[in-house]
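[1] Provide a 3D model corresponding to the input given below.
(one chain, ligands or ions: 2)
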Amino acid sequence: MLLGELASRLQLPSTAQFDADRVVTAVTHDSRLAAPGTIFIAVPGFRMDGTKFIPDAVDRGSNVVVCAQLPEELLPGVSYLLTADVRSTMAQIARELNGRPDELVRLYGVTGTNGKTSTAYFLSAILRHAKRRVGVMGTIGFDVDGKIIETPNTTPEAPILHDLIRTAVEGGTEDIIMEVSSHSLELQRVSGMVFDVAMFTNLTEDHLELHGTMEEYYCAKKRLFGQATTGHAVVDIGSPWGERAADEIAAAGNAVIRVGRTDQEADVRPEHTQTGLTGTTFDLVTASGRVPVQLRALGTYHVRNALVAAGAALAQGYPLEVIAEGLSAAEPVLGRLERVINDDGLDVFIDYAHTTDALDSCLTAVRALTDRPITLVFGVLGDRIPRLRKEMGTVAAAGADYIILTEDDLKVSSLAEVVADVGGALDAAGAEWELIENRWDAIAAGVARARAGDVVIVAGKGHERQLILPDGGGIVHLDEVEAVKTAMAGQNPRILDPRELRVP
Ligand SMILES: CC(=O)N[C@H]1[C@@H](OP(=O)(O)OP(=O)(O)OC[C@H]2O[C@@H](n3ccc(=O)[nH]c3=O)[C@H](O)[C@@H]2O)O[C@H](CO)[C@@H](O)[C@@H]1O[C@H](C)C(=O)N[C@@H](C)C(=O)N[C@H](CCC(=O)O)C(=O)O
Ligand SMILES: Nc1ncnc2c1ncn2[C@@H]1O[C@H](COP(=O)(O)OP(=O)(O)OP(=O)(O)O)[C@@H](O)[C@H]1O
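    Numbering: from 1, shown residues only. Ligands and ions are numbered 1, 2, ... in the order given. Below is the predicted model of the structure:
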């Protein structure tokens, strides 16, 4: 595309040394990825000002730069476009250069603190059952027809996002379900995209380092619904934030499908829910009828996630039977109360819960499924503030009978600092617990307790395949399913800890 055409389509201001005949083919916010034909977006970052990388981008071949402020010295042969909202402009350019790929698919967006991945997978199961070709973009990566492409973020930056969607569309993808993180909404990654259905699961405290207050966090999430102009909103009204969101979205003129409660306030609701260690059943009830659903996923919160997915499918006109069959066919999501398959009848689950609310939901869910003692193997992220670390300890103590505290992604903290906070809360709550610093050893101890009859939950890492060490110590490979299976086979899973292999 020519720069002049792009600028006129997006009404971009042509600020300095503008050359309308310049050919532009791509866009990036990272100078290291710049090349001839690439527009470089100088993002004013949290840590660095992207304008400082303009010379690097130009050295690599970029001759069009978008920035918030013109640099003091203009480089020869470079067209500069000035914009007040660099990130939003980046998103618009990425969308336009990729041929507005979001308009070529049916686009579903799901936001909320917990349940996005699970909801996205339930919806994909329904759509795939209806023979649609589906892509799911989120924490697990970009799953196109079951093949996972790694992505740097849950919701990638716009240049990556639109490139991925365009490629999927070219490959025949018809529907895309996106987890839309609050970061992405705040940082304009999805700016300009139009969602056919937007979904809200829930809101609990998280990411306040970015948003500051819960109110700001809520407002960031709610932005998604301002972009669902052509379609429906599906909102889990099982929390006050959800009720408020549903009311405000409806007041703004959107059609809202309310789900998640058992009373008549909900348009889609569950009846006769029954849970067990092998699955969950319920009747899906709507104004137009009821159908039985048999989820392989465990935990009553998955009923709510399934209802949000069902609401989205209903919004697009899928029949109740197709929805129920799709949900019943859904594979359990990786790392979400994922039972490690074994022949010994041991109940060991891997769960991604790494927030207080998620841990609470996970423990409450398992408690409802069994009378046996629950052992929790878990750690707390090193970048969590002390108050949240203590809350994790309190929630763990309330929900588990025995706790094995261990390392998680320590990042900026030492294990001792985390243990001081979490262990203090465990002691204050009178919990029975021990510290096993090495995560592989902790998993082995958990499996030993499963042999003695406990139900064991290894929480925090879920589908992730890495452990981030403290103080810039790097990242090591960790596959918890493999670690649990190794322990179940009678071997010491610590042989899998890459640190053990390092030459001293
Ligand atoms: C907190 C956050 O969201 N940070 C995002 C932010 O980074 P930043 O402002 O710190 O960037 P910076 O390091 O100051 O650099 C400024 C600019 O200079 C550029 N640069 C830098 C170096 C260089 O040599 N050349 C160059 O051009 C960078 O690409 C950047 O555009 O802007 C960058 C791009 O401009 C993003 O890649 C980065 O996301 C990082 C990767 C990230 O990890 N974000 C996480 C927190 C995130 O988005 N998480 C949510 C999910 C959260 C959840 O639900 O759990 C997600 O959607 O993944
Ligand atoms: N509806 C829900 N309400 C509360 N907790 C939930 C709900 N759904 C899932 N969880 C908990 O949150 C964890 C993460 O679930 P999921 O990955 O589906 O959410 P997410 O929003 O994608 O999370 P993240 O953004 O951290 O990846 C689960 O392992 C479970 O413990």
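
[2] tell me who's in contact with the residue nearest to the spatial centre of the chain.
    Centroid check for the chain by Cα atoms, centre = their mean gives residue 139 as the closest residue, at 4.1 Å. Contacts of residue 139 were listed using Cβ atoms under 8 Å, 6 or more residues apart in numbering, and they are 116, 117, 154, 179, 352, 463. No exception for glycine: its C-beta is placed from N, CA and C like everyone else's.

[3] okay, it and residue 496: tell me how far apart.
    23 Å (Cβ to Cβ, to the nearest Å).

[4] can you turn the buried part of the contacts of residue 139 into a ChimeraX selection?
    Command for ChimeraX that selects the buried part of those, burial taken from 16 or more other Cβ atoms under 10 Å:
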select :116,117,154,179,352,463
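
[5] if we can go back for a sec, quick one: the residue nearest to the centre of the chain from residue 209, how far?
    Relative to residue 209, and taking Cβ to Cβ, residue 139 is found at 18 Å.

[6] most distant residue from the centre of the protein?
    Distance from the C-alpha centroid of the chain, by Cα atoms, centre = their mean, peaks at residue 76 (42.6 Å).

[7] pLDDT score for that one?
    You'll see residue 76 listed with a pLDDT of 95.

[8] what of residue 283?
    Reading off the model, residue 283 has pLDDT 97.

[9] if we ignore the residues flanking it in sequence, what's nearest it?
    Once flanking residues are discounted, residue 283 sits nearest to residue 271: 4.4 Å by Cβ to Cβ, 6 or more residues apart in numbering.

[10] residue 292 is in contact with that neighbour, correct?
    No - using Cβ atoms under 8 Å, residue 271 makes no contact with residue 292, being 9.9 Å away.

[11] identify the contacts common to these two.
    What both residue 271 and residue 292 touch, as defined by Cβ under 8 Å, 6+ apart, is the set 282, 283.

[12] got the domain ranges for this protein?
    The chain breaks down by automatic domain parsing into domains covering 3-97, 101-329, 338-501.

[13] may I see those domains organised as TSV, with distance to ligand 1 added?
    What follows is the domains of the chain, written out as TSV (distance: least, Cβ to the nearest ligand atom, whole Å):
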stretch	distance to ligand 1
domain 3-97	2
domain 101-329	3
domain 338-501	9
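
[14] now, which of the contacts of residue 139 lie within strands?
    residue 179 (DSSP state E).

[15] quick check: which of the contacts of residue 139 has the minimum pLDDT.
    Lowest in pLDDT among these is residue 463, which has 89.

[16] wait, what's in contact with it?
    Contacts of residue 463 (Cβ under 8 Å, 6+ apart): 139, 140, 333, 334, 335, 336, 352.

[17] which helix runs longest in this protein?
    Assignment by DSSP state H gives helix 300-315 as the longest helix of the chain.

[18] could I get the buried residue list for that one?
    So for helix 300-315, counting by 16+ other Cβ under 10 Å, buried means 300-315.

[19] beta partners of residue 40?
    residue 28, residue 65 (DSSP bridges).

[20] surely residue 88 is in contact with residue 188?
    Yes - between residue 88 and residue 188 there is a contact under Cβ under 8 Å: 4.4 Å.

[21] what comes into contact with the helix or strand residue 210 falls within?
    Taking DSSP states H and E as the definition, one finds residue 210 inside helix 208-211. Helix 208-211 has contacts (Cβ under 8 Å, 6+ apart) with 182, 183, 186, 214, 217, 220, 383.

[22] same deal with stretch 41-59?
    Residues beyond stretch 41-59 that count as contacts (Cβ under 8 Å, 6+ apart) turn out to be 27-29, 31-32, 34, 38, 40, 65-69, 71, 75, 78, 86-87, 89-90, 93, 159.

[23] give me the buried positions along it.
    41, 42, 43, 50, 51, 53, 54, 57, 58.

[24] ok, back up a step: beyond the longest helix of the chain, next helix or strand please.
    helix 320-329.

[25] of residue 88 and residue 188, who's got more company?
    Of the pair residue 88 and residue 188, residue 188 is the one with more neighbours under other Cβ atoms under 10 Å, namely 19 against 16.

[26] which residue packs closest to that one, ignoring adjacent ones?
    Distance criterion Cβ to Cβ, 6+ apart; nearest residue to residue 188, sequence neighbours excluded, is residue 87 at 3.9 Å.

[27] just to be sure, the one you found is in a strand?
    No - counting by DSSP: H, G, I helix; E, B strand; the rest coil, residue 87 falls outside a strand, being helix.

[28] residues touching it, list them.
    Contacts of residue 87 (Cβ under 8 Å, 6+ apart): 43, 158, 187, 188, 189, 191.

[29] now with 7 Å, please.
    For residue 87, the contacting residues are 43, 187, 188, by Cβ atoms under 7 Å, 6 or more residues apart in numbering.

[30] how about the contacts made by the second one?
    The contact partners of residue 187, taken as Cβ under 7 Å, 6+ apart, are residue 87.

[31] can I take it that residue 376 is in a strand?
    Yes - using three-state DSSP, the assignment for residue 376 is a strand.

[32] give me every residue that touches the closest residue in space to it that isn't next to it in sequence.
    Leaving aside its chain neighbours, residue 376 sits nearest to residue 400 (3.7 Å; criterion: Cβ to Cβ, 6+ apart). Residues near residue 400 by Cβ under 7 Å, 6+ apart: 363, 374, 375, 376.

[33] 10 Å instead?
    Listed by Cβ atoms under 10 Å, 6 or more residues apart in numbering, the contact partners of residue 400 are 359, 363, 366-367, 373-378, 426, 431-433, 454-457, 459.

[34] residue 499 now?
    Neighbour list for residue 499: 438, 440, 467, 469, 473, 474, 476 [criterion: Cβ under 10 Å, 6+ apart].

[35] re earlier: could I get the contacts of residue 87 as JSON lines with secondary structure?
    Formatted as JSON lines, the contacts of residue 87 follow (three-state DSSP):
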{"residue": "43", "secondary structure": "coil"}
{"residue": "187", "secondary structure": "coil"}
{"residue": "188", "secondary structure": "coil"}
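
[36] of those, closest to residue 448?
    Distance to residue 448, by Cβ to Cβ, is smallest for residue 187 among these, at 44.7 Å.

[37] hmm, residue 195 is touching residue 109, no?
    Yes - here residue 195 reaches residue 109: they are 4.3 Å apart, a contact under Cβ atoms under 10 Å.

[38] of those two, which one has the most company?
    Just comparing residue 195 and residue 109: by other Cβ under 10 Å the higher neighbour count belongs to residue 109, 30 against 26.

[39] report pLDDT for the more buried one.
    In this model, residue 109 carries a pLDDT of 96.

[40] in three-state terms, how would it be classified?
    From three-state DSSP, the assignment for residue 109 is strand.

[41] just list whatever residues bridge to it.
    residue 178, residue 198.

[42] so where's the stretch 201-350 of the chain shaky on pLDDT?
    211, 229-231 (pLDDT under 70).

[43] redo that, cut-off 80
    Where the stretch 201-350 of the chain drops to pLDDT under 80, the residues are 205-212, 227-231, 278.

[44] what do you get for the stretch 51-200 of the chain?
    For the stretch 51-200 of the chain (pLDDT under 80), the answer is none.
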